[in-house]
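1. What follows is a protein structure lacking sequence information:
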């Protein structure tokens, strides 16, 4: 998804267009801002069906929203890593003081992860706050 200002339209330097997106059954989530210095925002995580909200806000107030967005990304990364670790653990063998996993374990996990996400659109929602 790409949202941008058309040529000739501008904002005061202290204002921004805050972009929020809502997938069905979920709350609105901040996904970026448009300013005169950055006249577009991109999101590769937009659902196929969604409501988009655009709000004119003070540029200074958006830093706290960026923090929330970063925390959500950090939480998502942690949950994906935890999922990978649990998958690897189920294939572990013990060799003395070492845990041994098959060489293709990362590839196997990633394929399984992608298949689950493709089959069940709500699967990834379980990883978000």
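-> Perfect, I can see it now. Note that the structure is a prediction, hence the values are computed from the model and not measured. Residues are numbered from 1 along each chain as shown.
2. Pop the domain breakdown of the chain in here.
-> 2-58, 70-127 (the TED database).
3. Could you say which of the ones you listed is packed most deeply?
-> Counting by mean count of other CB atoms under 10 Å, domain 2-58 has the highest mean neighbour count of those, with a mean of 14. All C-beta spots, glycine's among them, are computed from the backbone N, C-alpha and C.
4. what mean pLDDT does that domain have?
-> Mean pLDDT, domain 2-58: 74.
5. Also stretch 99-114?
-> 86.
6. Residues in contact with that stretch: which ones?
-> Contacts with stretch 99-114, where a contact means CB atoms under 8 Å, 6 or more residues apart in numbering, come from 80, 83-84, 87-88, 91-94.
7. how about 10 Å then?
-> Outside of stretch 99-114, the residues within contact range by CB atoms under 10 Å, 6 or more residues apart in numbering are 80, 83-94, 123-124.
8. In helices, which of these fall?
-> 80, 83-89 (DSSP state H).
9. What is the nearest of these to residue 28?
-> In terms of CB to CB, no member of the ones in helices among the contacts of stretch 99-114 lies closer to residue 28 than residue 80, at 23.3 Å.
10. thought the closest one was touching residue 74?
-> No - here residue 80 lies out of contact with residue 74, judged by CB atoms under 10 Å, at a distance of 11.0 Å.
11. Quickly check the contacts of stretch 99-114 for the two that are furthest apart.
-> Longest span within those, CB to CB: 94 and 124, 32.8 Å.
12. thinking again about what came up before, and the contacts of stretch 99-114, which is closest to residue 115?
-> residue 123 (9.7 Å).
13. Could I get the phi/psi values of the closest one?
-> phi -60, psi -50 (degrees, to the nearest 10).
14. Make sure it is actually in contact with residue 117.
-> Yes - look at residue 123 against residue 117 with CB under 10 Å: they come within range, at 5.2 Å.
15. gap between stretch 101-115 and the chain center?
-> In this view, stretch 101-115 has its centroid 21 Å away from the chain centroid, taken as CA atoms, centre = their mean, to the nearest Å.
16. all helices for the chain, in order.
-> 62-89, 105-119.
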